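Q: Based on what follows, work out the 3D shape:
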Amino acid sequence: MEIDPHSGEQPNGNPAFMPGQKHYYGDVSRKLFLAGGILMIVFAPVYPDLLPVNNLFVVTGAVLLSIFAGVTNPKQFWVNVLDVIIAALSFLIFEAAIFQVYGTLEWFSLEFLVRQSIPVVFFFALYFSSKTVRGMLVR
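A: Reported below is the predicted structural model:
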């Protein structure tokens, strides 16, 4: 990846999204991973059937999200590819879980909004991590 020596500016003079780095959205992905992990930790005790697995897996998933958020960086391509994979799997798992209980939830109830907010966070994490990988591939 190309580093821009003019910290904070793109060639056209506009501020860069990530100073010194074009098309790097790892900081956004990192924040979304942390937000998803926090939602998982906070709501796992409130909704013990958040996922159709033992809650130990939910907490372990939150820990893994925190680890990958911490190692995300613009220099290692493989970490950003793993971010895409983790975001996609997290989205699929939580979205599939809401489909399993969809008929039992009241539309726009607090439980519905909580359960749906987690996959939405991972959907955006998937988008931004994909943009990062694309930016690394297309120079």
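
Q: Where does the residue sitting nearest the centre point of the chain fall, secondary structure wise?
A: Nearest residue to the geometric centre of the chain (Cα atoms, centre = their mean): Ala125, 3.1 Å. Ala125 is part of helix 110-137 when elements are defined by DSSP states H and E.

Q: Val58 too?
A: helix 55-71.

Q: which residues of the protein score low on pLDDT?
A: The model of the chain has pLDDT under 70 over residues 1-21, 139.

Q: buried ones in the helix holding Ala125?
A: Buried residues in helix 110-137, counted by 16 or more other Cβ atoms under 10 Å: 111-112, 114-116, 118-133, 135-136. Where you see a C-beta, it was placed from the backbone N, CA and C, and this is true even at glycine.

Q: just how off-centre is it within its chain?
A: Helix 110-137 sits 5 Å away from the centroid of its parent chain (Cα atoms, centre = their mean, to the nearest Å).

Q: Just the angle for it relative to helix 55-71, thanks.
A: Relative orientation of helix 110-137 versus helix 55-71 (axes from the mean of the first three to the mean of the last three Cα atoms, to 10 degrees): 40 degrees.

Q: Before I go, just wanted to say thanks for your time.
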